[in-house]
Structure formats: C-alpha cells, structure tokens
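# Dropping a prediction and its sequence here:
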Amino acid sequence: MQIEVIAGSLNEVLCDTLIIFTGSEAEAPTGIARDIDNALQSQISRLLLDQPELGKFGEINVLHTLGLMPAKRVIIAGIGKDKDFDAEKLRALMGNAARAVVKYDSRIVATYVSHLPVEARQATQAVVEGLILGAYQFNEYKTEKKPVKKIEKLYLAIPHSAERESLQAIAYKAKIIAESVNFTRDLVNHPASAMTPSHMADYANAMAQQYGLEATIFAQTEIDKLKMHAFLAVAQGSAQPPKLIMLRYTGNTAASEYTALIGKGITFDSGGISLKPSEGMDEMKTDMAGGAAVLGAMRAIAQLKPKVNLLAIVPCAENMPSGTAIKPGDVISSMAGKSIEIVNTDAEGRLLLADALTYAKHLGANKLVDIATLTGACVVALGSVASGVISNHDGWCNKVLGAAAQSGEKMWRLPAYDEYKEQIKSPIADLKNSGGRPAGAITAGLFLAAFAGETPWAHIDIAGTATINKDSGYNPKGATGAGVRTLIQLAQDLAQP
Ligand code: BES
Ligand code: ZN
Ligand code: MN
C-alpha cells in the first residue's frame, strides 16, 4: 500500500472510497468534509440532521456518490463525543471503516487527518495503522480463495502543505508498524502443525535475512550445552525438537548495553501430562503469541532503525503428553541452577521463560521484558481488554507502561507483594512451578522474577489479549498481534536520550 499526504481538498481525488468523520455534536461537516458535502449537494449534512445517530462512536455508513464526484462512495465514520475521542479510538474506528473498504473492494482510499479531536501527527499514525490492521485477513487455508482485495493507495489530506513532509514520514512508519503486527498475526493464526518450533525458527530466519538482523538458531544439542534444563523439560514430551531463536539488533554502536525482548514460543500447549480439557484446546495453537510478538517487533525495529541495542530471545517448544514427557512431581534443574518441582505440567511457559531470562542476562542484557500467553488467571482478571504486567522495578515498569499508553495498547500492572511468594515455595525444591489458582497471574510472574533477579524486568501477560473471538475495531477475529506496538514504541523510547 502506497500512502500519499496531500494538501487541500479531496473533492477531485479519483478513488473508490472516501472516508469522512462526523461527531455526535457537530451539526454540519467542517473543513475537508464540508467541501465534500458541498460537492454532494449537502446530502451529508441533510442526512446527519435527519439521523444524528450516524455520528455515534464506531458507526459506519456508506453513501454512494452516483457521479457527483470522482470518488465512488463516501464512508461516514462516527467519532462520538469529542471529549471521549482519542488516537486509539480513531484507530479502532478506522478498523471498522477498513472492513467496509474491503467489502467494497476498494483499491484507492482517501481520508483526512485534520479537523479531528486528535492532533494531526497522532491522527496520521492512528488512521494508517487502523486501516492496515482492520483490513487484515487470513485466508491461507481456504481453498476457494476470495479475490485478494488489497488497498493499493491511501491519500491523507491536510489543509496546508506545511506539515506534509513530517506527516508523510509518520505515515511511512505507521505502515511498517501495522504490517509488522500483521506479520505476527499470521504466525499466530497458523495451525500448530504448520507452526512447529522448526517452522517458527524458519520464519524468524527468513524475516531476519530480509531486514538485515543477525539471527542465531540453536537446536537441541546447543540448548543442552547451555544447560537450559527447564526449557528442555518442556520439550521432552514432544516429537518436535525445540528451537531457541535469537535475533540481535545493534542500532547504537556507541553503547554496549542490550535490552532483551523475550517471548514465549509454545507452538502448541496440550497441557502435557496435566492434560487440558478438549474444549478450547484448539486455541492453544496461539501459545506462541508472545514469541511472535517479539519477532514482529524486531521486524519493524529493523526497518525503523532506532538508536538502541536489542536482543530477541524466543524459546520454542511443544508441550505434549507422551512416555517421555515430564510428570507432575518431577524435580528439574534450570540454567540458573535453581531446582524446580513440577506440580503441574501445564505451567510450562514459565519454565522455558526462566531459562530464557537467565540466558539473556548471561548474554549481557541489562534490561529485560518478557511477553507471554502465560496464565488463564490473567484472562479472568483483565479479560481481552488489557494485558497484565508484573515487574521488579518501578522505573522500568513505567517505561513499558508508558510505551503501551503511547501505542494505544492497554496494559495494567498487577501487584507483586512478597507475600505471594509463599505460594511458589516447594517442600522438596527451590521453587514449584505453580502457586495454584489464587492470584495465578501474579505467582506466575513472581516465578519469573526469581530468575530475573536484580536486573530490571517487566513481564507482559497477553493470555487474554493475544486473540479475540469476534471482529472488534481494528482486530479481526483471531490473533491480534498484542504487544507488538508496545515493544516497537519501547525501542523508540529507549533511543531517546
Ligand atoms: N498457555 C496457558 C495459558 C493460557 C490460558 C493462554 C488461556 C491463553 C488462554 C498456560 O500455559 C497455562 O496452561 N497456564 C495454566 C497455569 C496453571 C496450571 C498454574 C493456567 O493458567 O491454567
Ligand atoms: Zn502455555
Ligand atoms: Mn500450559
């Protein structure tokens, strides 16, 4: 998709679909929308007078221009009350508009980023991201492929040319970000048999080659040499060998510090011997969403080139029951040397993340972020609206939460009081891998905290946000790509001195 910021009216722009915005407070269209209304013989203002509910937030209505202007149709998108509107709402609204755009097979789309209750720079980013994210489709496994409806061109209008170049640059970055979220969504939407640890490593490698990242993939023997026993314990029940994906991005050669982005890469989570119930088990093909988010973020970072150094670490394995699988009651070791009592083989994510955190520190990372579909308890606590965050460091945690807020992703810090640690004490080993049902998202986080040690660390639990069960705003049913935008924003924020 090509994006062009243009100064002036949209009336003469030849396009399939023009998107205009209207609020529940505005009596008549203003600015660029007013010019369009004039060309359409005031049809829009008359329609809004007759049906003011079209201005409610999220409303999408289509008006056919029937030759009155070069644009074939106008989508009227409702922004609701100005005071409730923000960049993230605009992103969601554009997602709704994107579905209508796709429905009408629009190749050329035009809209504007001025005269909105969000300033032009933020609006540009939200409009571009919302459109690309909302138009996402995953048809890989449909044999009767619908004709691929690709948006080829997007015009973004502003009244004056002064800001043209800076907005053009923002639009270009937004496109990279949204396409990287879609890359993550693709990885997550694939069935587990097409996204084994080996497949995931291949995708990571290909992406790294394409965008010039340094990639290292470790196979079982190398993982074994590193003494990543907790990681290997998870993988030992599966016929699929584990892979450790590592990507390095050096954007600041003057600094030696690296920040590690660590993602859970369980390509299928059956629960292992502590087998999950059949109902909903199919959804566990998405248990590598954290790892996929890290890969998607690295894909964007490699193109945006912020002045920062990053290490991506994604341990990939399948959690399966078999004669070779770990058993409840087993005591295993870990790269850090800590012993772990396995009380539930379904609490597998924290095992491979524990070793990944240890390895990140071993490689010299001085700040850690991990992202994982870690606990059902987090879904109970925050639903599919917000991701849960646990951290051992207020400053670092606020940096991550700030990046989330800036990118429009909702994240909420959970308390990590020492008292909760009682739940993961083991009578036989240093730690046990499950603290039971109460505060399950927190005790999972505190398990990881034991391996993060003194290094500033933040853990993002995306179990509830990585997928969605119905189309909503810019998220079509299926994988959302949760966390990708936050990690990209974090990398950009770290590049600011
Ligand atoms: N992958 C699951 C968590 C999950 C649940 C992700 C729902 C997405 C949606 C994780 O490995 C798991 O099974 N966690 C257990 C931990 C428990 C055994 C301590 C859980 O949350 O039930
Ligand atoms: Zn899992
Ligand atoms: Mn599990």
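Now that the structure is in, tell me what you want to look at. Only a predicted model underlies this, so the values are computations on that prediction, with no experimental measurement involved. Numbering: from 1, shown residues only. Ligands and ions are numbered 1, 2, ... in the order given.
# now the longest helix belonging to the chain: mean pLDDT?
When the chain is parsed with DSSP state H, its longest helix is helix 164-189. Mean pLDDT, helix 164-189: 98.
# buried ones in that helix?
Of all the residues in helix 164-189, those buried under the rule 16 or more other Cβ atoms under 10 Å are 167, 170-171, 173-189. The way it works is simple: take the backbone N, C-alpha and C, and place the C-beta from them, glycine included.
# Return only those of the residues you listed found close to ligand 1.
Among those, not one lies near ligand 1 by Cβ under 6 Å from any ligand atom.
# Helices of the protein, start to end?
Using DSSP H, helices in the chain cover 32-39, 43-50, 87-103, 120-134, 164-189, 197-211, 220-225, 229-235, 289-304, 349-362, 376-382, 394-407, 440-452, 484-495.
# Counting by contacts, list what the longest one packs against.
Read it as helix 164-189. Applying 3 or more Cβ pairs under 8 Å, 6 or more residues apart in numbering; DSSP states H and E, we find helix 164-189 packed against strand 2-7, helix 120-134, strand 153-158, helix 197-211, helix 289-304, strand 478-479, helix 484-495.
# what is the orientation angle of it with helix 484-495?
130 degrees (axes from the mean of the first three to the mean of the last three Cα atoms, to 10 degrees).
# tilt between helix 164-189 and strand 2-7?
Interaxial angle, helix 164-189 versus strand 2-7 (the same axes, to 10 degrees): 150 degrees.
# Next: the last one.
Using the same axes, to 10 degrees, one finds that helix 484-495 and strand 2-7 are set 70 degrees apart in direction.
# looking at the helices and strands packed on helix 164-189, which is buried most?
helix 289-304 (a mean of 29; mean count of other Cβ atoms under 10 Å).
# Ligand 2: which of the helices and strands packed on helix 164-189 is closest?
Closest to ligand 2 of those is helix 289-304 (Cβ to the ion; 9.6 Å).
# Tell me if that closest one is near ligand 2.
No. Figure legend: helix 289-304 not in contact with ligand 2 (Cβ under 5 Å from the ion); closest approach 9.6 Å.
# Please save the CA atoms from that helix in CSV.
Extracted in CSV, the C-alpha atoms of helix 289-304 (Å, rounded to 0.1, in the frame of the first residue of the first chain):
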residue,chain,number,x,y,z
ALA,A,289,1.9,-15.3,20.5
GLY,A,290,4.5,-13.8,22.9
GLY,A,291,7.3,-15.1,20.8
ALA,A,292,5.6,-14.0,17.6
ALA,A,293,5.1,-10.5,19.1
VAL,A,294,8.8,-10.3,19.7
LEU,A,295,9.6,-11.3,16.1
GLY,A,296,7.0,-8.8,14.8
ALA,A,297,8.5,-6.0,16.8
MET,A,298,12.0,-6.9,15.6
ARG,A,299,10.8,-6.8,12.0
ALA,A,300,9.6,-3.2,12.5
ILE,A,301,12.6,-2.2,14.5
ALA,A,302,15.0,-3.4,11.8
GLN,A,303,13.3,-1.0,9.4
LEU,A,304,12.7,1.9,11.7
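# Rounded mean pLDDT for it, please.
99.
# In the stretch 101-250 of the chain, what residue comes closest to ligand 1?
Closest contact between the stretch 101-250 of the chain and ligand 1, by Cβ to the nearest ligand atom, is at Val234 (9.7 Å).
# Tell me the residues of the protein that contact ligand 3?
Asp269, Asp346, Glu348.
# can I get those residues in JSON lines with pLDDT and neighbour count?
Output for those, formatted as JSON lines (pLDDT from 0 to 100; neighbours: other Cβ atoms under 10 Å):
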{"residue": "Asp269", "pLDDT": "99", "neighbour count": "25"}
{"residue": "Asp346", "pLDDT": "98", "neighbour count": "20"}
{"residue": "Glu348", "pLDDT": "98", "neighbour count": "30"}
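# Find the closest residue to ligand 3 in the stretch 101-250 of the chain.
Val234 (9.3 Å).
# The chain too?
Asp346 (3.9 Å).
# Please tell me how far the closest residue to that residue other than its chain neighbours sits from Ile44.
The shortest distance from Asp346 to any non-neighbouring residue, by Cβ to Cβ, 6 or more residues apart in numbering, is to Gly271 (3.9 Å). In this view, Gly271 and Ile44 are 55 Å apart by Cβ to Cβ, to the nearest Å.
# Tell me which of these two has more neighbours.
The neighbour comparison of Gly271 against Ile44 (other Cβ atoms under 10 Å) goes to Ile44, with 24 against 18.
# The nearest residue to that one once chain neighbours are set aside and ligand 1: what is the separation?
With sequence-adjacent residues excluded and distances taken as Cβ to Cβ, 6+ apart, Ile44 is closest to Asp37, at 4.3 Å. Note on Asp37: its distance to ligand 1, by Cβ to the nearest ligand atom, to the nearest Å, is 47 Å.
# from the chain's centre, how far out does stretch 280-295 sit?
Centroid separation for stretch 280-295 versus its chain: 12 Å, with Cα atoms, centre = their mean, to the nearest Å.
# So is that stretch next to ligand 1?
Yes. Stretch 280-295 reaches ligand 1 (Cβ under 6 Å from any ligand atom) through Asp287.
# Identify the residues contacting the residue nearest to Asp346.
Met281, Asn319, Pro321, Thr345, Asp346 (Cβ atoms under 8 Å, 6 or more residues apart in numbering).
# let's go with 7 Å and repeat that
Going by Cβ atoms under 7 Å, 6 or more residues apart in numbering, Gly271 touches Asn319, Thr345, Asp346.
# Make TSV from those residues and add distance to Ala215 to it.
Supplementary listing: the contacts of Gly271 in TSV, determined by distance: Cβ to Cβ, whole Å:
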residue	distance to Ala215
Asn319	25
Thr345	30
Asp346	31
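# of the residues you listed, list those near ligand 1.
Counting by Cβ under 6 Å from any ligand atom, the members of the contacts of Gly271 near ligand 1 are Asp346.
# My read is that the residue nearest to Ile44 contacts Pro29, right?
Yes. Asp37 is within contact range of Pro29, at 4.7 Å (criterion: Cβ atoms under 7 Å).
# Residues in contact with both of the two, list them for me.
Counting by Cβ under 7 Å, 6+ apart, the residues touching both Asp37 and Pro29 are Ile44, Ser45.
# Quickly list what Leu431 is bridged to.
Ile340 (DSSP bridges).
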